[in-house]
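> 3D, please:
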Amino acid sequence: MKELFREVENHMKHALEHFHGELKHLRTGRASLSLLEGLTVDYYGSPVPLNQVANLSVADATLIVAQPYDPTQSSAIERAIMKSDLGLNPSSDGKVIRIPVPSLTEERRKEIVKKAHDYAEHARNAVRQSRREGNEKLKKMEKDKTIGQDDERRGLDEVQKLHDHYIAEINTALQKKEQQILEV
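Model (predicted):
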């Protein structure tokens, strides 16, 4: 049974970590390199992560600077940034790409919060699915007589406690991100 709990908790933990990763990509109005994480550039026909084709840095609170290792790829990097749904508009002088991070409008803030809620719901569904699978395995174990009814009941309670813990973690993270996005 401990193996089952460990498996269920690992699935829930993975869902939470994935949710945290998704939240990093949401803009809060400040320049951050995590905004560009996961962004790929068409580098001579192959998708390559942006941080492998350019040196990225945050110049100030409203500007990210990308210095391509191969200056001929400036236009490909600009295209990749514009194609992303981040709402960023880069400009290049041939050697350096400046990516201004504009302050968010109220409407854009609400869109981003809505997206965060969608990510949270996906994470909650993953946690619920893990609970469902764990409960089904416990019921099957009881049906196969490998555990008794009391152990099954205790197991179901334990799985529910894990579920409640991870749902609360997701809700807390969502609340913090929402505050970051909405603060002006």
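
> Break this structure down into its structural domains.
Using automatic domain parsing, the domain parsing of the chain gives 2-25+105-182, 33-100.

> element containing the residue nearest to residue 171 when sequence neighbours are not counted?
With C-beta to C-beta, 6 or more residues apart in numbering as the criterion, residue 171 has its nearest non-adjacent residue at 7.3 Å, and that residue is residue 120. In short, each C-beta sits where N, CA and C put it, glycine included. Assigned by DSSP states H and E, residue 120 belongs to helix 106-143.

> residue boundaries of the helices in the protein?
Assigned by DSSP state H, the chain shows helices spanning 2-24, 74-83, 106-143, 149-182.

> Report the central residue of the protein.
residue 22 (1.3 Å; C-alpha atoms, centre = their mean).

> That residue: what's it in contact with?
119, 123 (C-beta atoms under 8 Å, 6 or more residues apart in numbering).

> make it 7 Å
residue 119 (C-beta atoms under 7 Å, 6 or more residues apart in numbering).

> Could you give the backbone dihedrals for residue 37?
phi -60, psi 140 (degrees, to the nearest 10).

> what's the spacing between it and residue 4?
Separation of residue 37 from residue 4 (C-beta to C-beta, to the nearest Å): 34 Å.

> Show me which of those two is the more surrounded one.
residue 4 (17 against 14; other C-beta atoms under 10 Å).

> How about the more buried one: what's its closest non-neighbour residue?
Using C-beta to C-beta, 6+ apart, the closest residue to residue 4 is residue 137 (5.7 Å).

> Against residue 155, how distant is that neighbour?
9 Å.

> So for the two, which residue has more residues nearby?
residue 155 (22 against 17).

> What's the local residue count around the closest residue to that one other than its chain neighbours?
Among residues not flanking residue 155 along the chain, residue 138 sits closest, at 4.4 Å (C-beta to C-beta, 6+ apart). Residue 138 has 23 neighbouring residues, counting by other C-beta under 10 Å.
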